[in-house]
Every structure is written in structure tokens, then in C-alpha cells.
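Undergrad: using only what follows, build the 3D model:
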Amino acid sequence: MILQMEAPPSYTPPKKKMGTGMIVGLIFGGIFLCCLLPIGLVAGLGLFAFGKVKDTAACGLAMGRIQRAMILYSKDHEGKLPKAATWMDDIRPYYRKAQARTKDTDKVFGSMPDGEPFACTTDGVKTGIAFNKDLSGKKVSDIKDPMETVLVFETTNLQANLSETFKEPDFSLSPKVFGKHRGWMKATVAGNPKTGNAEMNFGTSQNDFSPPASTGDGDK
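TA: Take a look at the predicted model:
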């Protein structure tokens, strides 16, 4: 009689249970990959973009302050704008007053120093701000179209008390943002500053820049 021997059962090692720490790690890893990483990338790109455009905003803000300083100066000087030869020096006290009205925005966009020649900085490149010398010493009330008459404008030159007759600048020479020309900044006697054809509104009212009333002295 032949006895048949059964084969011993194959050995299967016990499955290891996943530890709590590993489970938590996988959960947080999944959350990071699906949610936090994209948010972080978007935030990083947003900060990068803001860093590129904030210089343009700061320049527009400075233009608005210069515009207001000019009008404040005129109200203390028989309605007349400053002389071209000394305009930056003449309006500095008024520029500081205008700056005090919007100081909170400096925390976001930065501020143009009031003790140096007025200038803009775009992506590390400085440009000057010139006064339209055709308006030198002119009465604001004599300016027929203050919304269209350019008061100060951005230029390639950079110096104190810079003044030039305004003419439309070459767009292809304007500062670049994201590798593209943004256009030149300018501010008219009244209204908001502009870059190219785009108006930049910083919450200022056109009433802030209203020309002073005629003094009745014959408008000499």
C-alpha cells in the first residue's frame, strides 16, 4: 500500500499594515500636488507680474502728484504755472503735499524720491520727466483745453528742471514691460495720467486739478 503525502501549504508572508504616519504623508502629498503646488505657482507668477508692472503704476502715480503740485503752485502764484528753468525746485513743497494724500499707495508701488530729479524707473531703466516749456509761467485759466494740453511727460533725458516743447515721442523707444514697449507716460493739465493711449486712474478726482479762478487782473 502506497501512502500519498500531501504537499505542505506554500508560505505567504503576512501583509504589512500601512502605518498612520505613511497614510497622513500620502494624504498631504496628494493635497500639495493637486492643490497647493498650483496655487503656489500662480501666486509666484502673480508676484513676478506685479513686480514688472508696479514701476509703471508708480510712474503714473508720480505724474499725478506732479500735476497736482503744479496746480497747487499756481493757486499760490496768481494762477501761474512755474517757470521752466526752475519748475522742479519750485513745486517740491507742493509735491510733498500731494504725496501725503496718497502715502498709503507708496507701501504698494513705492515712491519717487522728492529730493532728486523727477524720474521713472522701469525694469531698472531710468527715464526723465520734462515740463512742457510752452506752458512756462502761463496762467492755468488761459489754457483752452486743459484735458488735452500736456503738462509733464516722460522722456529719455534725465536731469533736474528738465523742460522741452512737447511732441509725440517715438513709441518704439519707450520703456519695455514683459519685453514689449509700454508707451510713454504723460499728464495733461487736468485729468488722469496716461501711458500710450491708456488712462491710469488712481482714484483722484478731476476736481483736485481744477484751474484756479481768474484773479481779475487782466490775465497778464
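Undergrad: which stretches in the chain count as helices?
TA: Under the criterion DSSP state H, the chain contains helices at 20-31, 37-75, 87-101, 103-109.
Undergrad: lowest average pLDDT across the ones you listed?
TA: Mean pLDDT per stretch puts helix 20-31 lowest among these, at a mean of 52.
Undergrad: so where's the longest strand in this protein?
TA: Looking across the chain with DSSP state E, the single longest strand is strand 125-132.
Undergrad: list the neighbouring strands of it plus their orientation.
TA: Note on strand 125-132: by DSSP bridges, its sheet partners are strand 119-122 (antiparallel), strand 150-155 (antiparallel), strand 163-164 (parallel).
Undergrad: and the ones you listed, which is most packed in?
TA: strand 150-155 (a mean of 24; mean count of other Cβ atoms under 10 Å). To be clear about C-beta, it is placed using only N, CA and C from the backbone, and glycine gets the same treatment.
Undergrad: which residues touch that one?
TA: The contact list for strand 150-155 (Cβ atoms under 8 Å, 6 or more residues apart in numbering) reads 59, 63, 66-67, 70, 81, 120, 127-132, 135, 162, 164, 166, 169, 174, 184-189.
Undergrad: out of those residues, which are buried?
TA: Buried members of these, counted by 16 or more other Cβ atoms under 10 Å: 59, 63, 66-67, 70, 81, 120, 127-132, 135, 162, 166, 174, 184-189.
Undergrad: ok, now which ones touch the nearest residue to residue 164 once chain neighbours are set aside?
TA: The spatially closest residue to residue 164, leaving aside those adjacent along the chain, is residue 130, at 4.7 Å (Cβ to Cβ, 6 or more residues apart in numbering). Counting by Cβ under 8 Å, 6+ apart, residue 130 makes contact with 152-155, 157, 162-164, 166.
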